[in-house]
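Undergrad: Mind folding the following:
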Amino acid sequence: MAGNVVTNLRVLKKTRRPPWVGDIFVMQLPDGDFLYGRVISTTAVIVPMTGCILIYIYAARSADKNLVPELYRSQLLIPPMMTNKLPWSKGYFELIASGPLNPMDRLPQHCFARTWMSPPQYFDDKGNQLNGPISPVGEYGLQSYRTIDDHISKALGIALAPED
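TA: Residues are numbered from 1 along each chain as shown. Okay, here's the model as predicted:
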């Protein structure tokens, strides 16, 4: 099985078009429930990478992916993360709706920690260094669909998918 990536998230529908700001997407958990996410930016920066996709993943769950609950920035399951297009093109994130973001949809400040530094360093979603942590603090780095799966699994108390 070498080369196959095992995740707790189920493969849904692959999306060819790139994610757009305001897109709402779903992920399906092992129990069949759906989690919701939203694209907040497609111009995030992790120096030297540009054009990263900033996403929120919410705590709200549903058995029907089309019954989209209210998605409040105060109800994130995990801190914001930056990723690439692969979760959509591989089918782990399925686009279900799109609409404009209003100021209340976004956190007032994004903060990501580079924790392997001593002391830790903190950055915003444009790659600018911050003076200290601003909650919620995400990881400063590009998250793959596999590491996103691990973050979700840990937050929900689901056993991590085995390493391949």
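Undergrad: Please give the centre-to-centre distance between stretch 81-96 and its chain.
TA: 9 Å (Cα atoms, centre = their mean, to the nearest Å).
Undergrad: ah, wrong one, I meant stretch 26-42
TA: The answer for stretch 26-42 is 8 Å, by Cα atoms, centre = their mean.
Undergrad: ok, now stretch 109-127?
TA: Computed by Cα atoms, centre = their mean, the chain-centroid distance of stretch 109-127 equals 17 Å.
Undergrad: Show the end-to-end separation of that stretch, please.
TA: 13 Å (Cα to Cα, to the nearest Å).
Undergrad: again with stretch 108-121
TA: 19 Å.
Undergrad: chain center to that stretch: distance?
TA: On Cα atoms, centre = their mean, the centre of stretch 108-121 falls 17 Å from that of its chain.
Undergrad: Show me which parts of that stretch are buried, residue by residue.
TA: Neighbour counts over stretch 108-121 (16 or more other Cβ atoms under 10 Å) mark H110, C111, F112, A113 as buried. For every residue, glycine as well, the C-beta is placed using N, CA and C.
Undergrad: Not counting it itself, show me its contacts.
TA: For stretch 108-121, contacts defined as Cβ atoms under 8 Å, 6 or more residues apart in numbering pick out 46, 54, 80, 82, 122-125, 129-130, 133-141.
Undergrad: Out of the residues you listed, which end up buried?
TA: Applying 16+ other Cβ under 10 Å to these flags 46, 54, 80, 82, 122-125, 130, 137-141 as buried.
Undergrad: which among these gets closest to L35?
TA: Of all those, L35 sits closest to P80, with 14.7 Å by Cβ to Cβ.
Undergrad: Tell me the pLDDT of that closest one.
TA: For P80, the model assigns a pLDDT of 98.
Undergrad: Quick check: bridge partners of the closest residue to it other than its chain neighbours?
TA: Distances taken as Cβ to Cβ, 6 or more residues apart in numbering put G138 closest to P80, at 4.9 Å, once the chain neighbours are dropped. Here G138 sits in beta bridges with F112, going by DSSP bridges.
Undergrad: wait, what's in contact with G138?
TA: I78, P79, P80, M81, M82, H110, C111, F112, A113.
Undergrad: if you set the cut-off to 10 Å instead, what comes out?
TA: 54-55, 76, 78-82, 110-113, 123, 125, 151 (Cβ atoms under 10 Å, 6 or more residues apart in numbering).
Undergrad: for this protein, which residue is closest to the average position?
TA: The chain has I55 as the residue nearest its centroid, 4.2 Å off, counting by Cα atoms, centre = their mean.
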